[in-house]
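**Q** here's my sequence, what's the structure:
(chains A, B, C and D)
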2 protein chains.
Amino acid sequence: MTAGNAVPGEGVQCEHCAVRSRALCASAGHEGQRELRRWSRIRRVAADETVLPEHGESGFVGTVVAGALRQVKTMPDGREQVVGLVFPGEFFGRPFRARTDFGYEAAIDSEICVTERLAFEAVLRRHPEVEHQLLLQTMNELAAARERSLLLGSLDTLERVATYLLVMSARREQMLSRIGQDPRLEVAASLISRRDLASYLGTTIETISRHVHHLSRGGVIRIIDSSHFEVLDHQRLLAISGVTHDDLRLFDVVGESAAAEPGHARPAGAA
Amino acid sequence: MTAGNAVPGEGVQCEHCAVRSRALCASAGHEGQRELRRWSRIRRVAADETVLPEHGESGFVGTVVAGALRQVKTMPDGREQVVGLVFPGEFFGRPFRARTDFGYEAAIDSEICVTERLAFEAVLRRHPEVEHQLLLQTMNELAAARERSLLLGSLDTLERVATYLLVMSARREQMLSRIGQDPRLEVAASLISRRDLASYLGTTIETISRHVHHLSRGGVIRIIDSSHFEVLDHQRLLAISGVTHDDLRLFDVVGESAAAEPGHARPAGAA
DNA sequence: CGGGCGATTTGACGTGCATCAATCCGGCCA
DNA sequence: TGGCCGGATTGATGCACGTCAAATCGCCCG
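**A** Numbering: from 1, shown residues only, chains lettered A, B, ... in the order given. Here you go, the predicted structure:
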């Protein structure tokens, strides 16, 4: 069960890590990074595989390198809710807590960098700059979760779909521009299954399907296949979503938002 | 606007603070606590008064001493959503961020202990044990926010009302038992206005009214007045809510949950 | 004690969306 | 190439809940 059984001495190769610059570990100093990689290892998980069980040991924490995880809560009667999604560069897990209070599962085939929880906590204790960065990311996650309250509490289902498409579109755009590719064609991949998407948006696959096709007929988006869409009319989609541009940015947990705090942090090494 | 203009030298009296043992500041060492109080001051805010504007400067942070704050997001078209409530002992505000991304308003007449944001950050930098405690509380808030996703995304309105009553009932119970009073009569005060409650639960005042009276007719609760209820049948209410007992605890941000991590923290002074 | 005003309750009505069910589509394997 | 199967679409139906409106209940102030 405790899948993060890294034996010291192994470790991971960080040099070519895809999320090297954005992940939590990048904020650690030279020494801290060396410690972290000693206790970490890369793990591949297939779609729908459980990463951390919903009611179990909080054995390890980690960062998504590629793919996406879904955070799920199941109710006694079997209803299941996706309460969050974890994308590349984002941290997951629950430090300083022995048991989990929701589950992590791979939404698609993914690659994650996991660290024994206790070892990770030790690193945090020895390296306050890492703990600081974790705090910033956690506060960002909290802002995103609050934004989700707005989405689930105040938006109708069409607005939710529009919002999701915009968020994914922006995410993809910044990802492409980061690796230097031309992001001109705005192609938003839903990536995750319709079932996950429906649960994440607090609705059903049927409703999603209807709205997506409605947007397509209106010329706002183009359907490439059932999980890939191109945003044709960004302005109109934004108007339909009902939210502001600023609100959309809150969904991005590891965005530049946290980093640029004048006069603070930006500690030791790692470029 | 920057309401937390504490001039050094003033400060607050912490000795008789109602939330002394639970608040963030309690975790600070002797030295840290002295610094914190130097830059803090008590502020009284009337119901519906704005504490921090929705789009403005993140001038100060603070802790609720008495009363309750609501966190609000407003949409371009005027729809307003209460994305969270802040109760006594809980921290609020956004350290390490110059601008706010949602507003704080007094839900009822309240008393808050505010600290200049920049001064607070300086304390965090000098006292990692306080930052650590803030991290724990933030992670708890995140868990609560995720639980709210479940509430808004998967529960019907009756279940939401039941859940809310249970949470408030538990909160009051532990508050009474903390000050040594007999919590036998479970009286859950809604405290906040129907309008806030409706928004918080993602529904309308009419629907709330109907469900509350439905529960009352069924003998599950007793209506004392429009904002005070007594839980008569805890078991049945829990069954109606559809969630587990464990899930309810996640709504409690400053509960014992965070504190009891074996072998960690529990730093310097303050009993 | 009486009048007035905001908040709550109650009722009637309409609808957005879930539900159920049938059809369609695409990938996989023989 | 053809048949199968899970996922996606499309349609038909029902209901939970939002909306609008009227009635009622407090509470403050004269």
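**Q** which non-adjacent residue is nearest residue A:52?
**A** Excluding the flanking residues, the one nearest residue A:52 by C-beta to C-beta, 6 or more residues apart in numbering or on different chains is residue A:104, at 4.4 Å. C-beta coordinates here come from the backbone N, C-alpha and C atoms, glycine included.
**Q** can you give me the strands for chain A?
**A** Taking DSSP state E as the test, the strands found in chain A are A:40-45, A:50-52, A:60-66, A:69-74, A:80-86, A:91-92, A:103-106, A:110-116, A:187-189, A:221-225, A:228-231.
**Q** which elements pack onto the shortest one?
**A** Here strand A:91-92 touches strand A:60-66, going by 3 or more C-beta pairs under 8 Å, 6 or more residues apart in numbering or on different chains; DSSP states H and E.
**Q** could you dump the strand it packs on to CSV, C-alpha only?
**A** Output of strand A:60-66 as CSV, limited to C-alpha atoms (Å, rounded to 0.1, in the frame of the first residue of the first chain):
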residue,chain,number,x,y,z
PHE,A,60,3.5,9.7,0.7
VAL,A,61,3.1,13.0,-1.0
GLY,A,62,4.1,14.0,-4.5
THR,A,63,4.0,16.2,-7.6
VAL,A,64,2.4,15.4,-10.9
VAL,A,65,4.9,15.3,-13.7
ALA,A,66,2.6,14.3,-16.5
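**Q** so what's the nearest residue in space to residue A:163 that is not next to it in sequence scoring on pLDDT?
**A** Sequence neighbours aside, residue A:241 is the residue nearest to residue A:163 in space, at 4.4 Å (criterion: C-beta to C-beta, 6+ apart). With respect to pLDDT, residue A:241 scores 97.
**Q** please apply the same query to residue A:15.
**A** Note for residue A:15: predicted pLDDT of 80.
**Q** show the low-confidence segments of the stretch 151-271 of chain A, by residue range.
**A** A:177-190, A:256-271 (pLDDT under 70).
**Q** how about the helices in it?
**A** Assigned by DSSP state H, counting those that start in this stretch, the stretch 151-271 of chain A shows helices spanning A:157-178, A:194-200, A:205-217, A:234-241, A:245-249, A:256-259.
**Q** and those helices as CSV, adding mean neighbour count and distance to residue A:25?
**A** Converted to CSV, the helices of the stretch 151-271 of chain A look like this (neighbours: other C-beta atoms under 10 Å in any protein chain shown; distance: least, C-beta to C-beta, whole Å):
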stretch, mean neighbour count, distance to residue A:25
helix A:157-178, 20, 17
helix A:194-200, 21, 27
helix A:205-217, 16, 36
helix A:234-241, 17, 34
helix A:245-249, 15, 24
helix A:256-259, 16, 14
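**Q** can you put those helices in a markdown table and add distance to DNA strand C?
**A** As requested, those are exported to a markdown table (distance: least, C-beta to the nearest atom of the strand, whole Å):
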| stretch | distance to DNA strand C |
| --- | --- |
| helix A:157-178 | 4 |
| helix A:194-200 | 8 |
| helix A:205-217 | 3 |
| helix A:234-241 | 12 |
| helix A:245-249 | 18 |
| helix A:256-259 | 30 |
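**Q** closest to residue A:82 out of those helices?
**A** helix A:194-200 (4.2 Å; C-beta to C-beta).
**Q** distance from the closest one to the middle of the chain?
**A** On the basis of C-alpha atoms, centre = their mean, to the nearest Å, helix A:194-200 sits 15 Å off its chain's mean C-alpha point.
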